[in-house]
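# Below is the structure, and that's it, no one-letter string:
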């Protein structure tokens, strides 16, 4: 790591984050939109005082900066963007609360200016990752395997046998997950038109569901997956692949609150099979977008 975030900036973040939101429910909602890793938020005791909650979070991110520097920078940036303090003015002694919060945010902004090179390095890292992907695609073994999996997938498009299509799609997905070292678990199984499985990615366990049906997947299916995830450990997330996409109401229903699932469709799968993006990069971009904006259904044309 070329540069670490200064202790002064960490302290400024604690102070601003403690003052910008008076109610813990508002603070919790804000943090859920800023922090990509749900395991980080699961560490927090929301029965504690607000300052203790903030200190626990920020100190954990700072102690493990080699892992969470991106989250720290994003948190600093998002708090620094707050300019409306009207929610504080409605409280008792609201003018003073708003003034204190504004001063703390301005102090944080001053610290952010000194760390712009870190943000630039993160963008450069993203560019290097894309370059590494291009080199990966030049390796014959990888390209040959992708071509083979793509040919298998094309054969499925014309199939009208749901069961056979399910077995073949399961083989394609397992091959992709193995190719990109995503550790597909042996529990991959087919139930009707649905594939259930699990895999590991960047220290997080994921449940996988895949469906190839005529209609877009609706809210009921996503509700079912959310129910399974609620019975798992806090840091378990879900990836739902629907070849023919998702209904608008299903996406909307699961894009608020704690976002447990990211969505992938046939266009995403084709982009990976054609070598336009690797599966790891695709999952990273989708997970980051869900954490930052609440959009759990980032389309491939928005990425590429």
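Nice, thanks for sending it over. Remember, predicted model here, so these are calculated numbers, not experimental data.
# Run through who's touching stretch 294-301.
Contact partners of stretch 294-301, identified using CB atoms under 8 Å, 6 or more residues apart in numbering, comprise 33, 246, 251, 254-256, 259, 261-263, 265, 267-268, 271, 277, 282, 285-286, 289-290. Heads up, the C-betas are built off the backbone N, CA and C, glycines and all.
# Weed out the non-buried ones from those.
246, 251, 254-255, 259, 261-263, 265, 268, 271, 277, 282, 285-286, 289-290 (16 or more other CB atoms under 10 Å).
# Can you list the neighbours in contact with the helix or strand harbouring residue 270?
Residue 270 is located in helix 266-273, with elements delineated by DSSP states H and E. In this structure, residues lying in contact with helix 266-273 by CB under 8 Å, 6+ apart are 146, 149-150, 153, 176, 241-245, 277-279, 282, 299-301, 304.
# Those, buried ones only, as a PyMOL selection?
Here is the PyMOL selection string for the buried members of those, based on 16+ other CB under 10 Å:
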select buried, resi 146+149+150+153+176+241+242+243+245+277+278+279+282+300
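# Helix or strand: which one has residue 12?
Here residue 12 is assigned to helix 7-20, by DSSP H and E.
# Just the buried residues of that helix, please?
Neighbour-count burial for helix 7-20 [16+ other CB under 10 Å]: 9-20.
# Same check on stretch 200-215?
By 16+ other CB under 10 Å, the buried positions in stretch 200-215 come out as 201, 204-212.
# Stretch 65-74 too?
Applying 16+ other CB under 10 Å to stretch 65-74 flags 65, 68-74 as buried.
# Identify the farthest-apart pair in those.
Spanning the widest gap among the buried residues of stretch 65-74 are 65 and 74, at 13.1 Å by CB to CB.
# What does the residue at the greatest distance from the centre of the chain show for phi and psi?
Within the chain, the residue lying farthest from the chain centre (CA atoms, centre = their mean) is residue 93, at 38.2 Å. Torsion angles at residue 93 (phi, psi; degrees, to the nearest 10) stand at phi 60, psi 40.
# what's near enough to touch residue 4?
Contacts of residue 4 (CB under 8 Å, 6+ apart): 65, 69.
# my read is it is in a helix, agree?
No - assessed with DSSP: H, G, I helix; E, B strand; the rest coil, residue 4 is coil; it does not lie in a helix.
# Phi first, then psi, for it.
Dihedral angles (degrees, to the nearest 10) for residue 4: phi -110, psi 160.
# I'd say residue 89 and residue 98 touch.
Yes - using CB atoms under 8 Å, residue 89 makes contact with residue 98 at a distance of 4.9 Å.
# More neighbours: which of these two?
residue 98 (21 against 14; other CB atoms under 10 Å).
# Counting neighbours, what do you get for residue 198?
Residue 198 has 18 neighbours, counted by other CB under 10 Å.
# lowest average confidence, helix or strand, in this structure?
strand 189-191 (a mean of 56; mean pLDDT, DSSP states H and E).
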